[in-house]
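In: Starting from these lines, generate the structure:
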Amino acid sequence: MGIWQWIKDVTVKVFWPWFKEVAWPFIRQHLKDIIVFVLDLFKEKLKKWMSQQAKDKEDRANQKAEDYEKKANASNDDREAEKFGDIAKVWREVAEQFRQENETLKRKIDELSREVKEEAFKKTNSLEIDLDFSDEKPILSIGHSTYSLPQLPSRDNNGKG
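Out: This next block holds a predicted model:
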């Protein structure tokens, strides 16, 4: 038996079964850890960005409310002061609405993140691998995808088959 045939036999009969049973579960767990890391990083960056956008809107609305309150306080006309006060009140309500929408969005992002993680874990848990050596070129299957690998050498180091 040539060295290449021996390597192929060891790979098919010893290494591959060991890899599927022992190493693959560790790799699968590592994939889950990577998924969690990436999703959490994305979620936090998205929440931070969205929070800043909402905070900016809230701040602008509060600033407009303050501007109209100043106009109301500075006005000598009671009707005009009341009008400016009403406008300031509306802007305060708008600012509060932006704050509440931001909190709702944060909760929704957390909820969606949990759903995506659960779906990713289901896919990762059911991700099976196989290696078919029945043809000249081995076929690697990962989940529903297959990859044709390069043909294994058929000669030993002396160039004999």
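In: give me the element the residue nearest the centre of the chain is part of.
Out: Closest to where the C-alpha atoms of the chain average out (Cα atoms, centre = their mean) is residue 39, at 2.9 Å. Under the criterion of DSSP states H and E, residue 39 resides in helix 24-74.
In: name the helices or strands packed onto that helix?
Out: helix 78-125 (3 or more Cβ pairs under 8 Å, 6 or more residues apart in numbering; DSSP states H and E). C-beta: built from backbone N, CA, C; applies to glycine.
In: got the angle for the helix it packs on vs helix 24-74?
Out: 180 degrees (axes from the mean of the first three to the mean of the last three Cα atoms, to 10 degrees).
In: helices or strands up against helix 78-125?
Out: By 3+ Cβ pairs under 8 Å, 6+ apart, helix 78-125 packs against helix 24-74.
In: Which of the residues in the lowest-mean-pLDDT helix or strand in the chain are classified as buried?
Out: Lowest on mean pLDDT, DSSP states H and E among the helices and strands of the chain sits helix 3-10, with a mean of 79. Applying a neighbour-count criterion of 16 or more other Cβ atoms under 10 Å, one finds 4, 8 buried in helix 3-10.
In: what's the average pLDDT for the helix or strand following it?
Out: Remark: after helix 3-10, the chain's next helix or strand is helix 16-18, criterion DSSP H and E. Average pLDDT, helix 16-18: 90.
In: can you check stretch 67-85 too?
Out: On average, stretch 67-85 scores 94.
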